[in-house]
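# any chance you can model this:
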Amino acid sequence: MSEALEELFMFGEEKMEKAILQLKKEFGSIRSGRANPLILDKVVVDYYGAPTPLRQMSQVSVQDGTTLVITPYDKSILKEIEKAIIKAEIGITPNSDGICIRLAFPPLTEERRKEICKDVKKLGEDSKVAIRNIRRDMTDDLKKLEKSENLPEDMVKDNQDKIQKLTDKYTGIIDTTVSEKEKEVLTV
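Just a heads-up that it's a prediction; the model follows:
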C-alpha cells in the first residue's frame with residue numbers, strides 16, 4: 001500500500017475515533033438519575049471577570065450516589081457558582097450552606113427517562129452521520145489518489161471495501177455505546 005493510502009486510512013480512523021470520543025463526552029453530561037460530576041462540564045463561572053469552568057475552581061465529589069458536593073477552593077465565590085449552575089440549566093437547584101453547594105439529583109420519572117433515551121438516540125444518529133461524512137471524504141480522497149497515482153481498479157475497489165469495513169466498525173461502536181447509555185438511563 002502506498003504511503004498516501006496509509007495516510008488516508010490513518011487520518012480517517014483518527015477522525016472516526018474523535019467522533020466516538022465526542023459522543024461519549026456528550027453522553028457524560030446527560031443525567032441518568034445518578035450523580036455524575038461530568039454534568040457540571042457545561043457550567044462556567046464568572047471568576048473575577050474571566051469565564052472559568054466550575055470543575056477547575058472547586059472540588060466535586062459524589063455523596064451517596066444521588067448528591068454532588070461542590071466545595072470551591074475560594075469560598076468567596078459561592079454565590080457566583082450558584083448563579084452559574086442556575087444559568088447552565090442542568091435541571092437541579094443548588095443548595096448552599098456557606099461552605100459548599102449540594103446538588104441533589106431527584107429520581108427520574110419514567111416519562112423523563114424515555115425523553116432522555118430519545119436524546120441519546122439522536123446523539124447516536126448524529127455521530128453516525130459524522131462517521132458517514134468521514135467515509136465520504138475518504139472515498140473522495142481515494143478517487144483523487146486513483147487519478148494522481150494511477151492506481152489499478154481492483155486496488156481502488158479493495159480500498160473502498162476497507163473504508164466501508166472501517167465505517168461499519170465505528171457505527172457498530174456507536175450502536176453499542178448508545179444501547180449501554182439507554183440501559184443506564186432506564187435502570188431505576
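
# which strands or helices does the longest helix seen in the chain pack on?
Using DSSP state H, we find that the single longest helix of the chain is helix 110-149. Other elements packing on helix 110-149 under the criterion 3 or more Cβ pairs under 8 Å, 6 or more residues apart in numbering; DSSP states H and E are helix 3-28, helix 153-186. Glycine gets a C-beta too; all of them are placed from N, C-alpha and C.

# quick one: that helix to chain centroid distance?
14 Å (Cα atoms, centre = their mean, to the nearest Å).

# low-confidence ranges in the protein?
1, 31-33, 188 (pLDDT under 70).

# next structured bit after whichever strand or helix holds T52?
For T52, the enclosing helix or strand under DSSP states H and E is strand 50-53. Going down the chain from strand 50-53, the next helix or strand is strand 58-63, by DSSP H and E.

# what residues sit buried inside that following strand?
Going by neighbour count (16 or more other Cβ atoms under 10 Å), the buried part of strand 58-63 is S58, V60.

# run me through the strand neighbours of that strand, direction for each.
strand 67-72 (antiparallel) (DSSP bridges).

# quick one: contacts of the strand it pairs with?
35-37, 39-40, 54, 57-63, 78, 81, 94, 99-105 (Cβ atoms under 8 Å, 6 or more residues apart in numbering).
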